[in-house]
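[1] sequence plus predicted model, see below.
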Amino acid sequence: MRWPLRYQIMVPMAAATLVAIVALSVLDAYLAARRATSLIERQIAEVTRTLAESNFPLTERVLQQMHGLAGAHFVLVDERGLVTSSRGDVDVALLPNSGARDAVDLDFVAAIRVGDQAYYHALLSLPRRGAGAGPQRLHVLYPERAYRAAWQHAVKPPLVIGAASLVAVALIGAVIAYQVSRPLSDLRAHMGHIAEGEFVPVPLPRRNDEIRDLALAVNRMSEMLAKFEQEVRRTEQIRTLGHLVRGLAHQLRNSATGAVIAVDIHRHECPLGQENESMQVAARQLTLIEKFVRKFLSLDARSPRLHAPLNFVELVEGLIPLLRPTAAHVGVTLDVRLPAELLVIKGDWDALEHVVLNLLLNAIEAAERAPGVAPIRDAAVCAEVLRRDSDRVCLVVEDTGPGPSADVAARMFEPFLTDKPHGTGLGLSLARGIVESHGGSIRWERRQTRTCFVVDLPLTEGRVERVETPGR
């Protein structure tokens, strides 16, 4: 059985309040009724005492005046049976004639009827003073209607106040229960949206209380789940891409090997092939294809590799001949600035080649002039290697392109994120992984009208072992 929280709050509080208010109201009404009864009895007692102590004749006019003071009718019967009444003609035979007392003791339980009205009755014995006075009996008749009116007048205010208090407390309890349960209902609905994969922050309550703390915790959980879902999706994408690429790897590697063999045969058979720069570039590019495909298939730039001391300036310089034909083909000026000093780092030559080549190719593509659009400035790419401080080396790559879109700029190095029509979105992600595995960092920024990527790597000491690469 469902027991909503608002009822759990409101019902016990309302029940306790109901018991308290009803008890207080009934007690107050009871005490008010007792006070009203005591007041009536006290008024009648004072009147009867006055009648008992008086020496003047108790005529009908005197009894009527006493009726005006006490609200009760008085019927006086003397020792001779003569009747004097404030009510007019009264049949004394209908009145109880036994149990006479010296003090007023009205019976407010059982009423007697005199004529067409009901009265509460009391019988008193009046000792008369003066010569020739004999015992007298005084019948006191208090109208039932007047008694009930006085009783209701005394009882009604505390009962009305109690009922009004009960209604007010119930309304206040309902409002408080609603104010507490409504944010919880909103949180419950929001949790349902989170369970369905909608990680939207819940609006925070204005009051700084436990419910606001709960809403903040829900928002933190939603944010963490959103990040976790993105990581899961990214992992699944990488895993799926790995399966697809591994299926193509064999054919691609065979094709590259066949092309390398064909180029080598042509270089040996053609007299000009050995000295032809284009043939040398083609041979080296085909060799690089096989290496880069192998590294691309791994999709794990952070896996342990053999790091050895190498001249970073020599590494960058060796890639420039491969890039100049591409830059010249699309009309981009390639400016390379290399220092004359030896800048030694410890790393994986092939992996760092991939980083430098990826950054420079991206810069050339970004700076390429759009067909049919008059350029505002010359398309250019500038690559510079320089020492930073005494223990760091930097590669700075600038291009005159328009820069990435706002969505890509916010998540530049995330995998599968690209604004290129035919891009995969993996180049910069892999480059960052490689750089970080070498203890370095990679960042980007806009410098006025240029897009700039900066690779920062730690320098090391040691003897550089020359790494033989095809085409160098």
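    Thanks, I have the structure now.
[2] what about residue 445, how many neighbours?
    When neighbours are defined as other Cβ atoms under 10 Å, residue 445 has 10 of them. In this view, the C-beta of every residue, glycine as well, is placed from N, C-alpha and C.
[3] can you tell me the element it falls in?
    If you go by DSSP states H and E, residue 445 is part of strand 441-447.
[4] give me the sheet partners of that strand and which way each runs.
    Using DSSP bridges, the strands paired with strand 441-447 in its sheet are strand 450-458 (antiparallel).
[5] quick check: buried residues in the strand it pairs with?
    Buried residues in strand 450-458, counting neighbours by 16 or more other Cβ atoms under 10 Å, are found at 450-457.
[6] could you export that strand as PDB, CA atoms only?
    Output of strand 450-458 as PDB, limited to C-alpha atoms (Å, rounded to 0.1, in the frame of the first residue of the first chain):
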ATOM      1  CA  ARG A 450      46.100  32.500 -36.800                       C
ATOM      2  CA  THR A 451      45.500  29.100 -35.200                       C
ATOM      3  CA  CYS A 452      48.500  27.900 -33.200                       C
ATOM      4  CA  PHE A 453      49.300  24.400 -31.800                       C
ATOM      5  CA  VAL A 454      52.100  24.100 -29.300                       C
ATOM      6  CA  VAL A 455      53.800  20.800 -28.400                       C
ATOM      7  CA  ASP A 456      56.000  20.900 -25.300                       C
ATOM      8  CA  LEU A 457      58.500  18.100 -24.600                       C
ATOM      9  CA  PRO A 458      61.200  17.600 -21.900                       C
END
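[7] what's in contact with that strand?
    Here strand 450-458 makes contact (Cβ atoms under 8 Å, 6 or more residues apart in numbering) with 312, 345, 347, 355-356, 359, 362-363, 366, 388, 391-401, 403-404, 435, 438-446.
[8] how far out from the middle of the chain is that strand?
    41 Å (Cα atoms, centre = their mean, to the nearest Å).
[9] what about it, average pLDDT?
    The average of the pLDDT scores along strand 450-458 is 94.
[10] same check on stretch 219-236?
    Across stretch 219-236, the average pLDDT comes to 84.
[11] what helix or strand does the residue sitting nearest the centre point of the chain sit in?
    The geometric centre of the chain, computed from its C-alpha atoms, lies nearest to residue 215 (Cα atoms, centre = their mean), at 2.5 Å. For residue 215, the host element (DSSP H and E) is helix 210-269.
[12] show me how far the one helix or strand residue 62 maps to is from its chain's centre.
    Here residue 62, judged by DSSP H and E, is contained in helix 60-70. Distance, stretch centre to chain centre, for helix 60-70: 78 Å (Cα atoms, centre = their mean).
[13] before we move on, what about stretch 47-58?
    For stretch 47-58, the distance to the chain centre is 83 Å (Cα atoms, centre = their mean).
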